[in-house]
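Visitor: attaching a predicted model along with its sequence, questions to come.
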2 protein chains.
Amino acid sequence: MRVLIVGIDGYLGWTLAMYLGKMGYEVYGTDNGSRRKNVEEVGSWSATPITSLVKRTSMFHDIFKIPIITSTVDVTNTDETYGFFNFVEPHVVVHLGEQPSAPYSMMGPKHANYTQTNNIVGTNNILFAMRDVTPEAHLVKLGTMGEYGTPNLDIPEGFFEIEYRGRKDTMVFPKNAGSFYHLSKVHDSENIRFACKTWDLRSTDIMQGPVYGVVADETTPFELLTRFDFDGVFGTVINRFTAQAIIGEPLTPYGSGGQTRGYLSLVDSMKCMKLAIDNPPFSGEYRVFNQFDRTYGINDLARRVCKVAKEFGLNPTIDNIENPRIEKEEHYYNPDHSKLENLGYIPTRSLEDELRITIPILMKYKDRIEAKKEAMKPKVKWSK
Amino acid sequence: MRVLIVGIDGYLGWTLAMYLGKMGYEVYGTDNGSRRKNVEEVGSWSATPITSLVKRTSMFHDIFKIPIITSTVDVTNTDETYGFFNFVEPHVVVHLGEQPSAPYSMMGPKHANYTQTNNIVGTNNILFAMRDVTPEAHLVKLGTMGEYGTPNLDIPEGFFEIEYRGRKDTMVFPKNAGSFYHLSKVHDSENIRFACKTWDLRSTDIMQGPVYGVVADETTPFELLTRFDFDGVFGTVINRFTAQAIIGEPLTPYGSGGQTRGYLSLVDSMKCMKLAIDNPPFSGEYRVFNQFDRTYGINDLARRVCKVAKEFGLNPTIDNIENPRIEKEEHYYNPDHSKLENLGYIPTRSLEDELRITIPILMKYKDRIEAKKEAMKPKVKWSK
């Protein structure tokens, strides 16, 4: 089965390429290099030293004798996208090639517009290329649990049946995104749903929670580690806490710290994507998976990271700081997540066990985290 | 009160400029000229011969002694937009400056992307310019009733209270758009709602039905008539039927013709926008108006246009043709529209009376319609 990974140079993309390659899938990928550039723009880098995409693909081949074929096609270019689809003829397209940072999208009008146009145009070009080149292909698209926001209701997986003024219909569950980035994913979701309905395409839209960890496979050689962002713009919360613990900086939950979200480990993200790939929807079907292991409050996460860090001789503290975002800090949160379970998803290990794998690996790169310590502070505010 | 009309060279924009100018508002406007260019691209033109924006503004001033100040600022350019907001310091921004055609957006990937980026980036730049330059200004934004699609439920004005698994919340009513154009308006609506919530901006998001008619004010001199599109891409249905009747072509409802929508006349669109302008929402409020007079089925509309056309010696026929769109042709449709009524909106006249004003004006331009007859056929299909 030929899998085309868009955004193959990213945190999830590179991990998935290795994961699927080892499982026997034919892996193709593309990346326009924007993630490296954008992280550099905000004054940071990956904690793990990553070599160029071409070099690490070649190293992976040398070590495992598995080819991964990559290009620098930018999916925001329609003609390049069509050309690449004609070349690869993918059975599955995993679209991870988006600007993934909420704070980055809130830096100002140009960053908001870049995020939305980059994400929307890339997804639209993929949908059109699927329509015209590979109409049977399955699009696995990474959205985010953040599309839903924090309503005072249970959150179903995409759709719900409602009764309103005595009539019934099955409707898309209303979204309530909290940044221009999260909004870009809502826009994508609506565009994909329309394309499936209108052109009989098939797609799995994954509402994923924040991911943590640095390896999906503990045998990964150090030179093949995926990128690991820890700055205030691109680092997700558990990874940022872990990096703070390692360099002895206080862990900084935003605000009162009651924000609750669903999280999952890097390996579980891979397992879930593989389940989606192996169990495609039918032609014309747009289905939504809420993809996470379990929910945690932010303060609870900080305490858990501290506890495990102490096992490694670290002595972290916690310092709740002013929330740069505008979001509810205490709220109801109860999203469904049974569709992946029904396909066989079983969480791999506890957060604590995952941290016990991540911390010693990252400790080797303490100097690289230390060098970009300034970039860990939250500099982007949501308010005017 | 200073009103900035974005898209002042369009069908609604130019009509609104004259309408508000005569009512004593200080009118500023901008237009990047894209509508003229895009209509030319699909092989058509305005039935009414329109001179350049600069010339008609100057003629309007000569005749009525009322200044309208215009520019060619393109709101998809962030810096130009900020500059124009600093110059005008508007109290109200009426944003009509979007690519408004569903078929145009379905012509292919480049047209879909152009439509979505043009519309989203323009709206985002206006939101940021409001945040940074005129935070008290009121954004009156033209959306479309088409954002909702045709659910099997009553359609409230933007929001509804729902009960789901025993819990209650007030949520945005789920959208179900039927083209990349309609989707662009859904995306705008979500971006605007977020900006109001996050930056305390105020906005009226108008879900407008298709508009018909050629003048809001019967004393409009012929040389100041607004544009009137009748082609298969930019012409809305009643205007297209009217043009078909005038040149003796059969009126062509799509499919079985049971599609039902809410419509309003050009003068009523002006009246409603004025009501929105005169009754602004409070700071931080994002409100939604469903803006139409009454609903009609397409077949019924065709019959009504025929009947009135006969009063003018025309002898039109009706020929239902294959539907180029993918849409329900029989469906429930019952949208609320009481908010504008509560502000004092009373429909001006019946569809038939409006047609009795429109037909004789357009009959003067029969040759111009005849000349672009080919462009009236629906050439853009929704299917692959």
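Guide: Yep, it's here.
Visitor: so how far is chain B from residue A:44?
Guide: 25 Å (CB to the nearest CB, to the nearest Å). Using the backbone N, CA and C atoms, a C-beta is placed for each residue, glycine as well.
Visitor: part of a strand, is that residue?
Guide: No. Counting by DSSP: H, G, I helix; E, B strand; the rest coil, residue A:44 is not found in a strand; it is coil.
Visitor: what about it, how many neighbours?
Guide: 24 (other CB atoms under 10 Å in any protein chain shown).
Visitor: show me the contacts for it.
Guide: Counting by CB atoms under 8 Å, 6 or more residues apart in numbering or on different chains, residue A:44 makes contact with A:229, A:230, A:231, A:233, A:234, A:372, A:375.
Visitor: burial measure for the closest residue to the second one other than its chain neighbours, as a count.
Guide: The shortest distance from residue A:230 to any non-neighbouring residue, by CB to CB, 6 or more residues apart in numbering or on different chains, is to residue A:243 (3.5 Å). When counting by other CB under 10 Å, one arrives at 29 neighbours for residue A:243.
Visitor: contacts only, for residue A:243.
Guide: Here residue A:243 is in contact with A:47, A:228, A:230, A:235, A:362, A:369, A:376 (criterion: CB under 8 Å, 6+ apart).
Visitor: I'd like the next helix or strand past the helix or strand hosting it.
Guide: If you go by DSSP states H and E, residue A:243 is part of helix A:237-247. Per DSSP H and E, the first helix or strand lying C-terminal to helix A:237-247 is strand A:260-265.
Visitor: what are the contacting residues of that following strand?
Guide: A:145-146, A:150, A:208-213, A:238, A:272, A:290-298, A:301, A:331, A:333, A:335, A:337, A:347-349, A:351, A:354.
Visitor: what angle sits between whatever helix or strand comes next after that strand and helix A:237-247?
Guide: Counting by DSSP H and E, the next helix or strand C-terminal to strand A:260-265 is helix A:266-278. Counting by axes from the mean of the first three to the mean of the last three CA atoms, to 10 degrees, helix A:266-278 points 150 degrees away from the direction of helix A:237-247.
Visitor: what packs against helix A:266-278?
Guide: If you count contacts as 3 or more CB pairs under 8 Å, 6 or more residues apart in numbering or on different chains; DSSP states H and E, helix A:266-278 packs onto helix A:11-22, strand A:92-95, strand A:138-144, strand A:202-208, strand A:211-212, strand A:286-291, helix A:339-342.
Visitor: strands paired with the fourth one, and their directions?
Guide: Strand A:202-208 pairs in its sheet with strand A:138-144 (parallel), strand A:286-291 (parallel), by DSSP bridges.
Visitor: tell me what the following helix or strand past the longest one is packed against?
Guide: Put plainly, it is strand A:138-144. Sequence order places strand A:159-164 as the next helix or strand after strand A:138-144, per DSSP H and E. Using 3+ CB pairs under 8 Å, 6+ apart, the elements in contact with strand A:159-164 are strand A:167-172, strand B:159-164.
Visitor: would you convert those into a markdown table that also reports mean pLDDT, mean neighbour count and distance to residue B:223?
Guide: Below are the helices and strands packed on strand A:159-164 laid out as a markdown table (pLDDT from 0 to 100; neighbours: other CB atoms under 10 Å in any protein chain shown; distance: least, CB to CB, whole Å):
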| stretch | mean pLDDT | mean neighbour count | distance to residue B:223 |
| --- | --- | --- | --- |
| strand A:167-172 | 97 | 14 | 48 |
| strand B:159-164 | 96 | 16 | 44 |
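Visitor: thank you kindly, that will do.
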